[in-house]
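J.: Please find the sequence and the predicted model below.
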Amino acid sequence: MKRIIICVMVLMATQLVQSQSMMIGVKGAYNTTWLMNKNIFDQGDELDPDASFAPSYGVNGIFYFNDNLGLAIEANVNKITQKYSGVILDSITWEGSDKLTYMEIPLLLHLANKGGMYFEIGPKVSFLTGATGAIETTPSFISDYNERTIKKGFNKTMFSLVFGFGVNVRASDLVYVIAGLRFSGSFTDATKEYSKEEFAKAEDIGITDSFAHIKQDGIFKYENTTAVTGGIMLGIGFNLSNKAK
């Protein structure tokens, strides 16, 4: 991870030298988040993924090569929550969740017009920094847990495609208010795959990775998990060149 951070810093310095102008800022977002897995979707009433939401926040720099084209580099903390619920034996209900925290570095092509509208697209790399899970049944089971560390069940690194659009509203010569929508979907697996023997011995894994290995009929067969997020993004940017975008 240190090497990647150093590479990003070098790239930012290079782009700063080559670019005509630069905007730096802070952003925050509130996203709907999903851990999408075929096995989980096929489980029926015993396991239903529920709508889940989580925040993200960070800093960014946009290096403009001309009035319309730029390169955006960011460092963000992104949280992904997946809630679940279900009914067992027609009378036992349960609720649970997996909560993940990532340190993410997107590298985005930024297309803008003089009216302030923009479109962005590019890859991001995510580093898993924490993961906790919870299960609560009614009536309660001895197997219930809360704030259990489930980091073992997820891959340490994940790559995604990001795209979004929005507007930079000029508040002054230097300050811009940023509002937009951003979406991302992973193209590498979020959960960790185990062999049948490894899975039988696995401990401290959450709901998502557990059911990623089990089909509805109980047969052991692993399916990849895709992390998907989308939501509203707000921020403030500072134009260091004192030139309107």
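T.: Nice, I can see it. Numbering: from 1, shown residues only.

J.: So which helix or strand of this structure has the lowest pLDDT on average?
T.: helix 2-18 (a mean of 51; mean pLDDT, DSSP states H and E).

J.: Following element in sequence after it, please.
T.: Per DSSP states H and E, the first helix or strand lying C-terminal to helix 2-18 is strand 21-37.

J.: list the helices and strands that following strand packs on?
T.: strand 48-50, strand 53-64, strand 69-88, strand 175-186, helix 207-212, strand 225-239 (3 or more Cβ pairs under 8 Å, 6 or more residues apart in numbering; DSSP states H and E). C-beta coordinates here come from the backbone N, C-alpha and C atoms, glycine included.

J.: which one of these is the most hemmed in?
T.: Across those, averaging neighbours per residue (mean count of other Cβ atoms under 10 Å) puts helix 207-212 on top, at a mean of 25.

J.: Which residues does it contact?
T.: Residues outside helix 207-212 that contact it (Cβ atoms under 8 Å, 6 or more residues apart in numbering): 35, 37, 39-40, 43, 47, 82, 84, 96-98, 133, 135, 150, 153-154, 190-193, 222-225.

J.: what about burial for these, which qualify?
T.: Applying 16 or more other Cβ atoms under 10 Å to the contacts of helix 207-212, the neighbour count classes 35, 37, 39-40, 43, 47, 82, 84, 96-98, 133, 135, 150, 153-154, 190-192, 222-225 as buried.

J.: Let's test this: mean pLDDT of stretch 26-33, rounded?
T.: Averaged across stretch 26-33, pLDDT comes to 98.

J.: That should have said stretch 209-227, apologies.
T.: pLDDT averaged over stretch 209-227 gives 95.

J.: What is the end-to-end distance of it?
T.: 12 Å (Cα to Cα, to the nearest Å).

J.: My guess is Ile236 contacts Tyr176. True?
T.: Yes - contact criterion Cβ atoms under 8 Å: Ile236 and Tyr176 qualify, at 7.1 Å.
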